[in-house]
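J.: Sharing a model that was predicted from the sequence below.
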Amino acid sequence: SEIGVGFAAFGVTFIFLGVILFFDKGLLAIGNILFLAGLAFVAGLERTFRFFFQRHKWKGSGAFFGGILIVLVGWPLIGMCIEMYGFVLLFSGFFPVAVNFLRRMPVIGTILNLPFLSGFVDRFAGDSKMNV
């Protein structure tokens, strides 16, 4: 489990560096592979497979894996846009949970509850205050 978290963290770091360094396709490819490996280590292969290939998640999975494939082929900007679309479709159900968790953290929660940010965060998370 700790190895999976490490892989996923390194994957996100490599993806972040790849985007910062003008969509470097090598860093993005390594980041995608590490992120998927980390997810598989944390959740297990069977649960990861079941998550991505549920009938109602085919559109998101297709966009996510298609974006990864396009990055690997050599079009990193287009691939990352498609991949982000797929990521949002796949993981949008987790956004309210994540926002509620972040709102309970000492410093980040104070920032997210500021009046000018609170409305934006509520819309982004699907009005997460209603789920408390």
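T.: Here it is on my side, so go on.

J.: mind showing which ranges of this structure have poor pLDDT?
T.: Scanning the chain for pLDDT under 70 picks out the ranges 127-132.

J.: Just the helices from it, written as ranges.
T.: 2-20, 25-43, 45-52, 58-73, 76-91, 95-103, 106-112, 115-125 (DSSP state H).

J.: what residues does the fifth one touch?
T.: Helix 76-91 is contacted from outside by 18-19, 23-25, 28, 32, 52, 57, 59-73, using Cβ atoms under 8 Å, 6 or more residues apart in numbering. Any C-beta I mention is one placed from the backbone N, CA and C, and that applies to glycine too.

J.: Check the third one too.
T.: Judged by Cβ under 8 Å, 6+ apart, the contacts made with helix 45-52 from elsewhere in the structure are 39-40, 43, 57, 61, 64-65, 90.

J.: Among these, which one has the most neighbours?
T.: For the contacts of helix 45-52, counting by other Cβ atoms under 10 Å, the largest number of neighbours falls to residue 64: 24 neighbours.

J.: picking up where we left off before, make a ChimeraX selection of whichever of the contacts of helix 76-91 turn out to be buried.
T.: In ChimeraX, this line selects whichever of the contacts of helix 76-91 come out buried by 16 or more other Cβ atoms under 10 Å:
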select :18,19,23,24,25,28,32,52,57,60,61,63,64,65,67,68,70,71
